[in-house]
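In: Need coordinates for the following:
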Amino acid sequence: MNVVILAAGMGKRMQSALPKVLHPLAGKPLLSHVIDTARTLAPAKLCVIYGHGGATVLSALEKHKAQGGLEISAALQEPQLGTGHAVMQALPVLDESVPTLVLYGDVPLTTSASLRALVDAAGNDKLGILTVVQDDPFGLGRIVREDGRIVRIVEEKDATPEQRAIKEINSGILCVPTAHLKKWLAALQNNNAQGEYYLTDIVAQAVADGVEVVSAHPSAEWEVLGVNSKVQLAQLERIHQANLALALLEKGVTVLDPARIDIRGELVCGRDVTIDVGCVFEGKVVIEDGATIGAHTVIVNATIAAGAQIKPFCHIEEATVGPKSIIGPYARLRPGTVLGEDVHVGNFVEIKNSQVAAHSKANHLAYVGDTTVGSRVNIGAGVITCNYDGANKFRTVIEDDAFIGSDSQLIAPITVGAGATLGAGTTLTKDAPAGKLTISRAKQVTIENWTRPVKVKK
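Out: This next block holds a predicted model:
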């Protein structure tokens, strides 16, 4: 089949400079959802019709083209004269020997299964329409049937009172024999309330030409919901997130409140995973067996190994948390962080581009950057690895069994040897030898006969 995705609209009701089809749903542009679903159908040709915000839309398409596997063409609709006019722009690239499926860049949740059912119903010689019955069909095109057979689609603005009472609506998603499509589009007229060329008018032409018009139905009404405003976008976001949460629950994941989770990418969970409220997952996140994710945690492109415990209010990005490790609360793991087994990272500890081996701990108020930390190391409160001189980054090495006293500064490049101890308050500018106590402090002095200043009365 061919796939044509209509994505030229401005989206005035979005009240945004960003083209409507590029607004994110679950962290991904609306148009990308539609393209990714279309890819699963393995179309022969895929053409996106763009218009408003053309350069921005084309830039987004380039990212999809870079993924490979399917050539995506683009056709400009300028000016925008309706859905029929939009599909006309794709005709030069369509394969006439296969049917054409028409999708919409602002209808992101239609499933592959529903589209496949429509394509199967239409075959190679019928016009197929994805329709749905809605309790409140206001503003939508009505499916007009005679003796049970579809004879035309009437838009709200052009419908009679009797036709407006019809509850079966046109989703806009069609599957059409391409040779017929070319003929019918050429015959479209714009004598309607909007002065546009409606794609839906091809239904009446199909009936006149004796081409059977059939319908298929999605599994749920939300599959055909479109986005025309931020309100509708927010509604679809919660529908989509509820579906994702339900899928996790069905796989055995404990989601403490399915209404309070946001998955903006791919979340892969093992057995007996627990996710508390308010968590956000972006990119690809893997959570292995028995791990727990505390409330209001943000995890981006990261792996949480089996049995790890992430306490509330942590931020973990492009990092790996080892098995049985305990993170947080209020910890931040930045890109390049790799933690081994049973590592403890406590409140207000930040780790960046560092490797921390098994059983090491940084429990309070520390910064560990560009550092290699061995096993069984204790990093005290207020410790800072000074990795940046204002121009270049340098690395710190802390070997096994070292003890870093509170409020110490390690000025890289530097090495703390195995089993070394740094006294509290040490500023380390040279390597600390293995197994030794190293201290760098000013001598403590008590000033005799000193009195505290007294505020002068005015």
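In: which non-adjacent residue is nearest Val102?
Out: Using C-beta to C-beta, 6 or more residues apart in numbering and skipping the chain neighbours, the partner closest in space to Val102 is Leu174 (4.7 Å). For every residue, glycine as well, the C-beta is placed using N, CA and C.
In: helices and strands around the longest helix belonging to the chain, which ones?
Out: Ranked by residue count, the top helix of the chain under DSSP state H comes out as helix 230-250. The helices and strands touching helix 230-250, judged by 3 or more C-beta pairs under 8 Å, 6 or more residues apart in numbering; DSSP states H and E, are strand 24-25, strand 254-255, strand 261-269.
In: So which of these is nearest Ala122?
Out: Minimum separation from Ala122 across the helices and strands packed on helix 230-250 (C-beta to C-beta) falls at strand 24-25, 27.4 Å.
In: ok, now which ones touch the closest residue to Ala242 other than its chain neighbours?
Out: Nearest residue to Ala242, sequence neighbours excluded (C-beta to C-beta, 6+ apart): Pro258, at 6.1 Å. Going by C-beta atoms under 8 Å, 6 or more residues apart in numbering, Pro258 touches Ala242, Ala245, Leu246, Leu249.
In: Make a ChimeraX selection of the buried ones in these.
Out: The buried residues among the contacts of Pro258 can be selected in ChimeraX (16 or more other C-beta atoms under 10 Å) with this line:
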select :245
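In: would JSON lines of the contacts of Pro258 with distance to Leu199 and pLDDT be doable?
Out: Formatted as JSON lines, the contacts of Pro258 follow (distance: C-beta to C-beta, whole Å; pLDDT from 0 to 100):
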{"residue": "Ala242", "distance to Leu199": "31", "pLDDT": "97"}
{"residue": "Ala245", "distance to Leu199": "35", "pLDDT": "98"}
{"residue": "Leu246", "distance to Leu199": "34", "pLDDT": "97"}
{"residue": "Leu249", "distance to Leu199": "39", "pLDDT": "98"}
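In: Show me which of the contacts of Pro258 is closest to Val57.
Out: Looking across the contacts of Pro258 and measuring by C-beta to C-beta, the closest to Val57 is Ala242, at 28.8 Å.
In: is it true that that closest one touches Asp257?
Out: No. Under the criterion of C-beta atoms under 8 Å, Ala242 is not in contact with Asp257, lying 11.0 Å apart.
In: quick one on the thing from earlier: quick check on the residue nearest to Ala242: phi, psi?
Out: When quoted as degrees, to the nearest 10, the phi and psi of Pro258 stand at phi -60, psi -20.
In: how much space between it and Gly265?
Out: Plainly put, Pro258 is 18 Å away from Gly265 if you go by C-beta to C-beta, to the nearest Å.
In: and if you look at Glu318?
Out: Glu318 is 13 Å from Gly265, by C-beta to C-beta.
In: Find residues that contact each of these two.
Out: Counting by C-beta under 8 Å, 6+ apart, the residues touching both Glu318 and Gly265 are Asn301.
In: For the stretch 51-200 of the chain, give me the ranges with low pLDDT.
Out: Counting by pLDDT under 70, the stretch 51-200 of the chain shows low-confidence ranges at 66, 68-69.
In: now the helices for it?
Out: 54-66, 83-88, 112-122, 161-164, 178-186 (DSSP state H, counting those that start in this stretch).
In: can you list those in CSV and add mean neighbour count and distance to Glu288?
Out: Converted to CSV, the helices of the stretch 51-200 of the chain look like this (neighbours: other C-beta atoms under 10 Å; distance: least, C-beta to C-beta, whole Å):
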stretch, mean neighbour count, distance to Glu288
helix 54-66, 14, 30
helix 83-88, 23, 46
helix 112-122, 18, 28
helix 161-164, 11, 55
helix 178-186, 18, 48
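In: Mind putting the ones you listed into TSV with distance to Glu212?
Out: Formatted as TSV, the helices of the stretch 51-200 of the chain follow (distance: least, C-beta to C-beta, whole Å):
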stretch	distance to Glu212
helix 54-66	34
helix 83-88	20
helix 112-122	9
helix 161-164	22
helix 178-186	11
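In: between these, which one is nearest to Leu46?
Out: Of all those, helix 54-66 comes closest under C-beta to C-beta, at 9.2 Å.
In: Can you list the neighbours in contact with that closest one?
Out: Residues contacting helix 54-66 (C-beta under 8 Å, 6+ apart): 7, 18-19, 21-22, 29, 31-32, 35, 48, 50, 71-72, 74, 76.
In: Now, these that are in helices?
Out: Counting by DSSP H, these contribute Leu31, Ser32, Ile35 to helices.
In: Next, count neighbours for the residue nearest to Val102.
Out: 27 (other C-beta atoms under 10 Å).
In: Now do the same contact list for it.
Out: Contacts of Leu174 (C-beta under 8 Å, 6+ apart): Leu101, Val102, Leu127, Gly128, Ile129, Leu130, Leu199, Ile202.
In: Tell me the one among the ones in helices among the contacts of helix 54-66 nearest to Pro433.
Out: Nearest to Pro433 among the ones in helices among the contacts of helix 54-66, with distances taken as C-beta to C-beta, is Ser32, at 55.9 Å.
In: can you count the residues close to the closest one?
Out: Ser32, neighbours per other C-beta under 10 Å, totals 20.
In: try Gly195
Out: When neighbours are counted by other C-beta under 10 Å, Gly195 comes out with 9.
In: For Ala186, see how far away it is.
Out: Taking C-beta to C-beta, one finds Gly195 at 18 Å from Ala186.
In: Just the buried residues of stretch 18-38, please?
Out: 19-23, 25-27, 29-35, 37-38.
In: before we move on, back to that, what inclination does the longest helix of the chain have with respect to strand 261-269?
Out: Note on geometry: by axes from the mean of the first three to the mean of the last three C-alpha atoms, to 10 degrees, helix 230-250 and strand 261-269 are set 30 degrees apart in direction.
In: how distant is helix 230-250 from the center of its chain?
Out: 12 Å (C-alpha atoms, centre = their mean, to the nearest Å).
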